[in-house]
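Student: coords please:
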Amino acid sequence: VGGVELQGKSRGGVWGELKTQVRGWAVAALFSIKNPDHDLRAGEITRENSDKPITMGRDLTGRYDAVRRAATAALNAGLVPVINRLLDAVKRSMNDLGLTARLIVVKGDGSLVREDWARERPIETEVSGPAASALGAELLGRGLLRPTEENLWVADIGGTTTDLIYLKKGRPTITPDGAAIGRWKTMTTTVRTQTRGLGGDSLITLNQADTSITIGPRRALPLCRLAEMWPEALDTLKAQQLIGAHSSQAAIFFLPGLKTYQTLRQTESRLAQAVAESSPMPLTRYTQSLKKEKLYFAGLKVIQNPAILISSFTPTDAMAVLGLYNEGSREAATLGAELLGRGLKLGPQELAGMVMDEFGRLLAQEIVSYSLQGQIKFGSDDFSNEGLFASALHRRSLEGLEIVFRSPDTVFLLGGPAVALAPFLSRHLEGRVIVPPVFDTANAVGAAAAPIALSRQIEIHQMPGRGQGYRLFLPNEIVEGGSVEILTEV
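Tutor: Residues are numbered from 1 along each chain as shown. Next comes the predicted model:
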């Protein structure tokens, strides 16, 4: 196969046969950042044998660590078809609207790049949404901060997740070692974010044993929106209220979800077939059909495939019950709260208040854990119900002592639930909590105002042996010179 040595010397051959049934190619040779010969030749051979897109690892980063560079290249290659479909759809929409403006894309570090650049390096757009939101928040917040305030927390609350970003002196904190995608550590530079499966459309479950509430990480279609789109769902909720349906199965519906290539398991396949025949499918009706065949439903945990969408009580419904959200069917949300809380004798208002309070506590917990990382050692036990941090977040009174968390930096809340959530966050975290103007479109503001910037790391190394001069490692060539000063002028 061949390769490149540490000093940039080429050795061995280049490539063998290529397979043809692939979506894209990733090329990442050992020490290719020192000598690109093998990378370039491998790229040429690949282009001669395949028309699929090619990602060159050395184009994504000039840093060492061949394994991470290869992982970054492979992930990028897999994302190329995805971003191509996205940008093609955006351009079609622009054409339909008569827009002739140039398409610019936000990078994960908050800067802007050309469309063609983004198509080749889609991995660089990772967390671009939170990055744009952070920049938008900083712009929208000017004039709202005290003169002495330099730093700012930004919590961007969406339907499925909440992204937390910390701005120091007006700029987002950047990941120094590269962002992570799942279990893979990449070498891309992005805004440092902390993301949790916590949003307005998060599925809510209620523990009947201790009345504890779990929010997320799974997504669900809010009942208030379900009933707006399918009025028959409201009739089903009313019927469940009259017959006293069990709270563990009431107010839960199934609908067709996303088109996916993931294989459906047997339990999911049966449900998907039932949903295709009748949608929305109430869980109570589905379990009755299973009982006729002497089968039982094992719970929502067995339904993981995105091809099946769940609709149930969510924080959006809780906001609707409390009069903090005015879209969709408030009646459906209220019925859902009544059915969910029936087993514990919780009324709709009480349950909805508990949900929003827990939402605020979880967001406060994310701010605390983000802030403490790298400063003190802590574990999940510290945030457990009896842990020290949990006592502070719950504002529990201890004998002779009061423990609270206070942020000296203002917290900006963005996203649809921002206004409703602000007072609940303040219950668990002392400090200023502000919802800036046009809070629900801050990411668009940030994208419009982001700077255009690109950077590339190059290296100059002394050649082996005394008096041998220096080597300048450029992206596509190696230049030798007698001094650093000469090479810096290249």
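Student: Can you show me the helices along the stretch 151-300 of the chain?
Tutor: 223-229, 232-243, 266-277, 283-292 (DSSP state H, counting those that start in this stretch).
Student: between those helices, which gets the lowest average pLDDT?
Tutor: Lowest mean pLDDT of the helices of the stretch 151-300 of the chain: helix 266-277, a mean of 77.
Student: Give me the buried positions along that helix.
Tutor: Under the neighbour-count criterion of 16 or more other CB atoms under 10 Å, helix 266-277 has Thr267, Glu268, Arg270, Leu271, Ala272, Ala274, Val275 buried. C-beta: built from backbone N, CA, C; applies to glycine.
Student: Counting by contacts, list what it packs against.
Tutor: If contacts are counted by 3 or more CB pairs under 8 Å, 6 or more residues apart in numbering; DSSP states H and E, helix 266-277 sits against strand 253-256, strand 281-282, helix 283-292, strand 308-312.
Student: As TSV, these with mean neighbour count and distance to Val106 would be great.
Tutor: Listed next are the helices and strands packed on helix 266-277 as TSV, based on neighbours: other CB atoms under 10 Å; distance: least, CB to CB, whole Å:
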stretch	mean neighbour count	distance to Val106
strand 253-256	20	32
strand 281-282	22	39
helix 283-292	15	40
strand 308-312	22	29
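Student: can you pull the contacts of Leu237?
Tutor: Leu223, Ala227, Ala250, Ala251, Ala332, Leu335, Gly336, Leu339 (CB atoms under 8 Å, 6 or more residues apart in numbering).
Student: Just the pLDDT for the fourth one.
Tutor: Looking at Ala251, its pLDDT reads 90.
Student: Which one, of the helices of the stretch 151-300 of the chain, ends up nearest to Lys377?
Tutor: Ranking the helices of the stretch 151-300 of the chain by proximity to Lys377 (CB to CB) places helix 266-277 first, at 41.2 Å.
Student: Just put the helices of the stretch 151-300 of the chain in JSON lines and tack on distance to Arg142.
Tutor: Listed next are the helices of the stretch 151-300 of the chain as JSON lines, based on distance: least, CB to CB, whole Å:
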{"stretch": "helix 223-229", "distance to Arg142": "35"}
{"stretch": "helix 232-243", "distance to Arg142": "44"}
{"stretch": "helix 266-277", "distance to Arg142": "49"}
{"stretch": "helix 283-292", "distance to Arg142": "49"}
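Student: And Ser391, how far from Val404?
Tutor: Distance, Ser391 to Val404, by CB to CB, to the nearest Å: 10 Å.
Student: Please disregard the earlier target; I meant Lys52.
Tutor: With CB to CB as the criterion, Lys52 and Val404 are 56 Å apart.
Student: Looking at those two, which is more packed in?
Tutor: The residue with more neighbours, out of Lys52 and Val404, is Lys52; 16 against 12, by other CB atoms under 10 Å.
Student: Which of the three states applies to the more buried one?
Tutor: Following DSSP: H, G, I helix; E, B strand; the rest coil, we place Lys52 in the coil state.
Student: Give me the neighbour count for the closest residue to it other than its chain neighbours.
Tutor: Leaving aside its sequence neighbours, Lys52 sits nearest to Gly24 (CB to CB, 6 or more residues apart in numbering; 5.1 Å). Counted with other CB under 10 Å, the neighbours of Gly24 add up to 17.
Student: Quickly note the distance from Gly24 to Ser50.
Tutor: 9 Å.
Student: Pretty sure Thr287 sits against Gln249.
Tutor: Yes: the pair Thr287 / Gln249 is scored as a contact, 6.2 Å apart, by CB atoms under 8 Å.
Student: show me what contacts the residue nearest to Lys52?
Tutor: Counting by CB under 8 Å, 6+ apart, Gly24 touches Lys52, Pro53, Ile54, Thr55, Ala77, Gly78, Val80, Pro81.
Student: residues in contact with Leu421?
Tutor: Ile157, Met356, Phe359, Gly360, Leu363, Leu413.
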